[in-house]
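Chemist: I'd like to go over a predicted model; first the sequence, then the structure.
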Amino acid sequence: MLTISLALAALILPGQAPAAAPVAAAPARQVTGLSIFPPDIQVSTKRGKQVVVVQASYSDGITEDVSTKCNLRLENPALGRIDGQTILPVADGNSRVLANFGGVAAAAPLAMTQATAERPISFKLDVMPIFMRTGCNTGGCHGAARGKDGFRLSLFGFDPDGDHYRLTRELNGRRINMALPAESMLLEKVCGKVSHTGGQRMTENDEYWQTIVRWLEADAPIDPATVATCVAVDIFPKVSVLNGKGSTQRMTVKARYSDNTTRDVTHLALFLSSNDASAKIATDGLVTAGDRGEAFVMARFNTFTVGSPMVVLPKDYQFTFPASVEANYVDTLVNAKLKKLRIAPSGLCTDEAFLRRVYVDVIGVLPTAEEYTRYMASTSPTKREELVDELLGRKEFAELWVLKWAELLQIRSSNQVSYKSTLLYYNWLQDKIARNVPVNEWVQELLGANGGTFKNPATNYYQNETDILKVTENVAQVFMGMRVQCAQCHNHPFDRWTMDDYYGFAAFFSQIGRKGTDDPRETIVFNSGGGDVRHPLGNRVMAPKFLGGVAPDVAGKDRRLLMSNWLASPENPYFATNLSNIVWAHFFGSGIINEVDDVRVSNPPSNGELLNELGKRFTDYKYDFKKLVRDICVSKTYQRSTQTNASNEQDTRNFSHAAIRRIKAETFLDCISQVTETPNKFPGLPLGARAVQIADGTVSNYFLTTFGRATRDTVCACEVRLEPTLSQSLHLLNGDTTGQRIRQGNLIGKRITDKKQPLDIIDEVYVRCLARRPTEAEKQKLVALIAAETDKKKALEDVFWAVLNSREFMFNH
Amino acid sequence: MAPPCAGRARRMLIVITLACLAIGLAPSAAMAVAPSLAGISPRGVQRGIETEVVFSGARLTDAKEILFYAPGIQVSKIVVVNDTTVKATLKIAPDCTLGEQVARVRTEGGISEMRTFWVGALPVVIEKEPNSDFLVPQKVPLNVTVMGIADNEDVDYYAVDLKKGQRLSVEVEGMRLGNTFFDPYVAILDAKRFEMAVSDDNPALGQDGMTSIVAPADGVYVVQVRETSYAGNGGCAYRLHIGSFPRPTAIVPAGARPGEELDVTFYGDATGRFMRRVKIPANAGVGYRLHAEDAGGIAPSGLPFRVINLVNAIEKEPNDTPATATLATGALAFNGVIEKPGDVDCFKFAGKKGQVFDVHCYARRIGSQLDPVMSLAVMGAGAFVANDDAVGPDSFFRVTLPDDKEFVLTITDHLKKGGENYHYRVELTAVAPKSTLSIPKVALYSQERQAIVVHKGNRMASLMTVSRGDWGGDAVLAAENLPAGVTMTAESMPANLDTIPVVFEAAPQAGLAGTMTRMSAKPVDPKLAAIPSQFNQMAEMVINAPGQSIYWKTEVNSLACAVADEVPFKIMVVQPKVPVVQNGSMQLKVICERKPGFTAPITVYPLFNPPGVNTVGSATIPEKGLETTMAVNAAANAQVRKWKSVIIASAPVAGGPAWVSSQLFDLEVAAPFFAFTMERAAVEQGKETEIPCKITMTTPLPASAKVRLMGLPPKVLAPELDLAKDTKELIFKLQIDKAAPAGQHRNIFCQAIVPMNGEPVVHNVGITELRIDVPLPPKVAVAAPAPMPKPMPMPVVAAPVKPMEKRLTRLEKLRLEQAEREKNMNK
C-alpha cells in the first residue's frame, strides 16, 4: 500500500506546464523626475531644521537618492544654510530649495519664520520623544508595566503627565538635579557615567542630552494645557524602488501639530523595517537595499506610525511583462503590482485543476463524476464563468460562508448560551446568507440587536461575550480587521490607536442591558440607556467615538444602533475592505493584508490599490457578497496555475501564481464522506449532514479537531489551523477515516459487482477524488500492481486509500 | 405582596373509595410503607369517556384509591397488576376541566407523590412511525389529539385535509406533560413545504407551542412536530391537538369578578378577533383559565383569567398620551393590548390622597408576550412611580396617592414592541394581608414527606411554614377535613418564627383513609381574624440547565393526608426536667415501644430546632434497644423561651422505611446560672501554674456544681472543683508535664454541671488561653555561673512575698521578672 501512496505522491500536479519568465533587453535608463522631500519646507525658530531628501526617478521606474549629488541649494542663501542635507535657519523669509540632477530641476517652497527666536522647551514635544527614540520607554525597559530597576515610564509615552511626575516627584525628585542638571541621575545613567542596566543610550552633549539639560535648566516644567499636540506624521519619500543590493535611500520625517506648525522629527523618530533582509533602515533613517523583495519602512513618532513601501530589484534588472489577458479590474490591479515588482505571473491552470479548485473553494464539495464529464465536455468559451455562476447559486455556497461567519461570530454553546440559542443564532445567520441579504444590513441588525436571545437570535452576539472590552475588541477585529487589544493598557505600539480611541469605541458597548425572562435559557438584550466607560488614566468618562471616525451625538440614543449603522456603512473606511480581504483570503489562502484580522499601519496591504478597489466595488454592489466572489473567481488571477516561473517562485504575497492550500477540516471531511459515499453523523444533526453544517462550535470529532477545526473560543482568524501536521498524516494513514470509510461505503465492491473493469474503477476513483483521469504513467503502474494481486477488491481499495492519502487530494491547488 | 398563584384553589377533593374486592388484588400482608408513583400513562385522556389508565411506581400492591385534586374524574375500577403497576378505569365527566389533572395513589401504607395527566376534548390517535418524511406524513382526521414521541433528531409529520376557509389549529403539550426536559416546536406547512405558521414557545404555555391558520385553498396541510433543537429522546412524549378549535393567544379583558357575566374579546386566532359572552363561575379562583370555544370546538388550553372582585375598564384607542387616556371611572382593573410597536396605553382615574394601592401589571403571568413598563403620574405631571420587572418580567409597585387628583397610569413594552398577543391587565388593589402555608422541602425538588401519612395509633410530625404577607404577630394553625380519627397538635406560632412543628396523631381505631386537608393559619390577634390564608404545595416536574432551573411545576392547595396501617414501633421523648442553658448542652432521651418481634434499629432525627439550638443530626436506637440520647446544644444567642419540639423516626418495616414521630415535648432554653471570667496563663513545660476564675452568679444554684476545665492540651492536668452557691472565685492549679506541647492553647473553658431535678444542667462558661513555653536553655548557668544562683532565690526574698498573697497577673509577673533581670544585670 505504501508503494502506491508514494508513487502517487510523486505524481501530484501533472499537466501544468511551467510558464517561462520573459526577459527582454531594457532600453537605457533616463531620469524622468526629480522630487524634493518634504515637498514644502518650513523651518521655525533658531532651533528648527529640516532634513531634505532628493529622489530621482528613472524611466524604468527605479528611484535613486540623489540628495548628495544634486547641488542642493537655497534660492535665497541669506535665509539659511545647508549642512549636508539639513537646512538650518538664518533669517526670516520665503524662498525655495533648489536641486538639479540628470538634466532635471526641482524646487520646493521654503518658509523661514522666527529664525533668530528661541523656542521655549516643552516636555511633551521635546523631551518625551527622546525616551521613545532612545528606547527608554519600551516594554523591555522602563516602559514595562512595573518599570525597570525601580523607574517606570509609560510604554511608548502614552502618559506624559505620569512620566513627568515620576521624573520630578518620585524618589523625592532625586532623579533630577536642578542645581546641576548635568549631574542628574537621569543623565548620568543614560550616558553610562554610572551603572545602568540598559547601557549607554546617549552621549554627553549630544542633541538629546542637551535637550534634557535645557529642560532641567528651565526648572523641569510640565507643559501648559495649551501646548500643541501632534496631529499627523509624514515620512518621505512616499515610494522607492531601489536598484540592487547596497543602494541606499535616506528618509525624512515631518510632524504636523495642532497649531498648524510642522517640525522635522527625523532625528526623533524611531525607524523600523518590515523586511530587514530587503531593506534595512538605520537609526538615522538611511535605508540600505538588500535582497530582491519588498519592505515597508516605518517611522514611529508620538502615537503615529507611518510607512513607505520599498521595492528592491536586482541591480539593473531587465524585464518585460508578458502579454496577458485581463478579465476584470482584479487582473489589472494585480498585474500592475507585478509589473512594479518585475514579476511575471504564471499561466492559467488546466480545466481540471480549475474545476476542482472552484468546487472546493466555492461550495466546499468535490465535483461528481457526472459534473466532471459535463464540464470537460463543454466547449463554451465562457465555461469557467458559467461554472462560477452555477456554483454561486448552490445552497452549499451559503453553507460554507455560514461556517466562516459562525467562526467569526463564535457561535457555540456554553454554560451561558444554550444549544437552542446556538441553533437559533446559526439558523438566523444561515437565513441571512442563504437569502443573500446585503452584508451591511445583517451586520447592522446583528450589532444593533435588541430582544430575547430566542426571539431575536442576533442578540446572541452579546450573550456569547458579555465583557464590554472583549466585545469592543471582537467587533474591531471581526468587522474592521483590527486588533486593538494593545490600546486597552497603552497606546498601540504599531498602529495609530490610542487608549482614547479604544475606550471611546468601547463606550458604544457600555449600555447593553441584559435580563432574564420566562425561559431560564433565554436572555433579553436591550439598551439600558445608562452606563459609561471610563479611561483608566484619570477616570474620565469617555464619549463614544467611532474607531477612526467622529464622535456622534449619542444623547438619548441607542449607542449600539449608532455604532452599527456607522460600522457597516461606507462611512467606515475599514468595513468594505476588511470584508473584501476576508473573501479574498478564502480564495487565495492569504489576504491582501495578511492575517486578515491584523490590519494596522505597520502591516500594509500587499496591493493597496486592489484592496481599495475591491472595497469600493463591494460598496457599489450594495454589499452583495456574491458579486464580489464572482469578480474574484472569474479573474485570471484566481485561475492561475500553481506552477511557478523563475521570477515568481519567491512570491507569496502578490498572487502571481496560485497557492497550494490544505483543505479546511470541515470541507475535507465532507470531501472524504462524499467520495467514499459514507454519511457523517454529528450530534444534533441528522445522518448524512455535512461537517460544514455543524451549528455549534463545541461539537467536533477527532478528525475535525486533528485537522484544525476552529473551536470558536476567540474571533481570531488564526483559530482555523491549516498547517499540515504529523498527526493528520498518521490519522489518514492509520485512522478510521479513510480505510474504514472505504470499506463502509463499499464503492469498489459495488463497481466490481457491476462488472466494471479495474482500469475503469481506477479512472472513476481519480475523477471522484482528484477531478482528473490518471496519467498514462500512473495507469501503467497501478495496472501492474493490481495484476499482481489476487484479491482485486482489496487491491483496488488500496488504490482508493492511496489516492485519499495523496497530497493532491488533501490540498486545493 | 405574594403573586396570586392559587391556580388550583378551587380544586377540591374527590375521593373514590373502592371496595377491597378489586379484582386481582393479592391478599398480601399490609406494607405500612407509603407507595411511590413514578408515572401515569397514557399521558392524557379524552373527557366524556371511560378509559383505562396505568399508574406505575413501587409498593402499589395494596392500592386502595386514587386521590384527585379537582372534580370531574371518577374511578370505576382499580386492578392491581403487580407491586409496580395499578390499572384504574377512569370515567371522565363530559364537563371535566380541560388541562392538567393531579393525582396521588393511596395504599394501605400511605400516599404516593403527586403526578399529572392531561384531559383533552378530542379523541386520541397514536403516532405511527415512520412519519418523519414530509412526503410520507401520517394521515390523521381533523380534531384529534395525537400522542407521539419526539426522538433524537426525529421530525414527525401529520397530514390533514382541509377545505378552503377552514381553520386548522394546533397545540402541543410537551414540557407541560412533566415527563422530561422536552421543548417542542410545532409548525403548519402547506403542501409545498412552506411554513404557514410556526410556534416554538408561547408565554401562555411555557415552552409548548400553539398556532392556527385558515386554509387558503382545499388541500392537504401538514403539521410538523419536533424538539426545537432536534435533541429529543424516547422520553419526549407529546400530545398534539390538531383540530378546528379556536386558538386565540390573548384575551381582553383578562379578568372579571366571580360570577360575573361579561363580553370578552379573543385575539390572535387565525380567523381574527372574536367576542364571546362568558359567565365566570362564582367559585373560580384567581388561577382560573378561560377556554375559547366556538362551533369549531374548544381550545385545549385556556388563557389565564384573573377572577377578583374589581370592576373592569377596557382601553379605547387612541389612548397613547395622558390627554387621550381611557377614563376608568369606578374601575380598578385596566385591560388592553399594546397592539403595535411603540404603542403606549394610558388610563386615567380619580384618586384620593392617602389611598394605598398594590398595582400589579399582569402580562407574562397571564400569557402575554408583553414585557410591561408601568408608571403612574398625576395628570399633567411627570411619573412619580414606575416599574419594569418587579415580578419576573411583569411590573408592580405599591403606591400611596399623594393628592386628591386625577392620575394617569401608563403601560408600554420595555423594548417598544407590540402585537396581538401583547395584552395586559393592571389591577389596583388595596393592601390586603394574607398568609401562605407550606411544608418546607426535605430535599431540593423532592416530594419526600410532602404528604402526611400517619400510622394507626401512632404519630407523624411535619414542619409547617406560614409566610405572613402584610401583617405580623402570633398565628394559630388549623386543619380541616383531616381523616377521621386524626388530630393535629401545634403550639401557636410566635411572631418571630415562620416555621414550627406540627404533630398529627391517629387514634388506634382510626380507619384507613385519605383526605385532602385544608390547612389554615389564623392570627391570634382577634382584630386580624379575617386575614385569609392558603396552603400551597409545589412539585417540580422538569428541572434542567442552566443551573437547576424549573421548567414545569405543578401547584396544589390542599395537603394530602392519610391514615395508614399500623407500624410495630412508636417513639417518645422523655420530657426533660431541666432547661438547656445558653452555651450549654443537654442529652435528650428518646425511648421507643416495640411490638413483639420487631427488633430493627430505629433512627431518630430532630425535626425542629428552636433559634440558636442545635441537635445532633441523627441517633439510633440499636437493634432490640429501647432508647437513645441526642445531644442538644444551645448557642450563646439562643432565644430564652420554652419551645415545643418534636423528634421523628424511621425504621425498616416490610417494604421499606416507615416514619413516625414523638409527641410534642417542651424544650426550655434558659440563661446560664452564672458567668465565669478566667485569666490567661503562661507557664514553662514541667512547671505548675494557676488559672483563676471569677464567678458571677445570676441564678441561685439548686445544689453545688462540679466544674472541670475543658480543652486543655494533652499532658496538662487540672483537678475538678466544686462550685457552691456562694463561691466567688475558683483557682485551677495546672500541672504541666515536661512533654506538654508548647504553644498558645486557645479555647480552654469550664464545664460546670449543675444538678437539678435529678438531671444535669450542663454549662460551658468562661474562656481563656494557656501558653506553654519551652524552658530557656540551661547555658545561662554556664555564661554567668556566679550571679545565677543569686537571682534564683530572689523571688522568694521578703519583697515579692507580699504580692504573692495578692495573686499576680501574668503581666505583673513578667514585669517583676524583667525588673529582677535588670537588677541582676546591673550588678
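Modeler: Arrived safely, thanks for sending.
Chemist: For the stretch 101-250 of chain B, which residues are neighbours of chain A?
Modeler: Contact residues, the stretch 101-250 of chain B versus chain A (CB under 8 Å from any CB of the partner chain): B:153, B:183, B:200-201, B:203, B:206-207, B:228-231. Any C-beta I mention is one placed from the backbone N, CA and C, and that applies to glycine too.
Chemist: Buried members of the residues you listed into ChimeraX, please.
Modeler: In ChimeraX, this line selects whichever of those come out buried by 16 or more other CB atoms under 10 Å in any protein chain shown:
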select /B:153,183,200,201,203,206,207,228,229,230,231
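Chemist: Max pairwise distance over the residues of the stretch 101-250 of chain B next to chain A: which two?
Modeler: Largest separation among these by CB to CB: B:153 and B:203, giving 27.6 Å.
Chemist: Any chance of the residues of the stretch 101-250 of chain B next to chain A in TSV with secondary structure as columns?
Modeler: Converted to TSV, those look like this (DSSP: H, G, I helix; E, B strand; the rest coil):
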residue	secondary structure
B:153	coil
B:183	coil
B:200	coil
B:201	coil
B:203	coil
B:206	strand
B:207	coil
B:228	coil
B:229	coil
B:230	coil
B:231	strand
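Chemist: Tabulate the residues of the stretch 101-250 of chain B next to chain A in TSV, adding columns for pLDDT.
Modeler: Below are these laid out as TSV (pLDDT from 0 to 100):
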residue	pLDDT
B:153	87
B:183	96
B:200	95
B:201	94
B:203	93
B:206	93
B:207	95
B:228	93
B:229	90
B:230	90
B:231	89
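Chemist: Residue A:99: which of the residues of the stretch 101-250 of chain B next to chain A is nearest?
Modeler: Distance to residue A:99 across those (CB to CB) is lowest for residue B:229, with 73.6 Å.
Chemist: residue ranges with poor pLDDT in the chain?
Modeler: No chain in the question, so chain A it is. Chain A contains residues with pLDDT under 70 at A:1-28.
Chemist: try again with chain B
Modeler: B:1-31, B:286, B:779-806, B:826-827.
Chemist: Return the residues of it in contact with chain A.
Modeler: Going by CB under 8 Å from any CB, the residues of chain B near chain A are B:153, B:183, B:200-201, B:203, B:206-207, B:228-231, B:364, B:371, B:389, B:392-393, B:414-415, B:417, B:545-547, B:549-551.
Chemist: try 7 Å this time
Modeler: Proximity of chain B to chain A (CB under 7 Å from any CB of the partner chain) is limited to residues B:153, B:183, B:201, B:203, B:207, B:228-231, B:364, B:389, B:393, B:414-415, B:546, B:549.
Chemist: what's the neighbour count on residue 219?
Modeler: If you meant another chain, say so; for now it's chain A. Neighbours of residue A:219 under the rule other CB atoms under 10 Å in any protein chain shown: 10.
Chemist: Can you look at chain B instead?
Modeler: By other CB under 10 Å, 15 other residues sit near residue B:219.
Chemist: Now do the same for residue B:775: helix, strand or coil?
Modeler: coil.
Chemist: Test my guess that residue A:733 contacts residue A:802.
Modeler: No: between residue A:733 and residue A:802 there is no contact under CB atoms under 7 Å: 10.2 Å.
Chemist: List the residues that contact the residue in chain B positioned nearest to chain A.
Modeler: Closest residue of chain B to chain A, CB to the nearest CB: residue B:549 (3.4 Å). By CB atoms under 7 Å, 6 or more residues apart in numbering or on different chains, the contact list for residue B:549 reads A:520, B:543.
Chemist: For it, give the beta-bridge partners.
Modeler: Residue B:549 forms beta bridges with residue B:544, as assigned by DSSP bridges.
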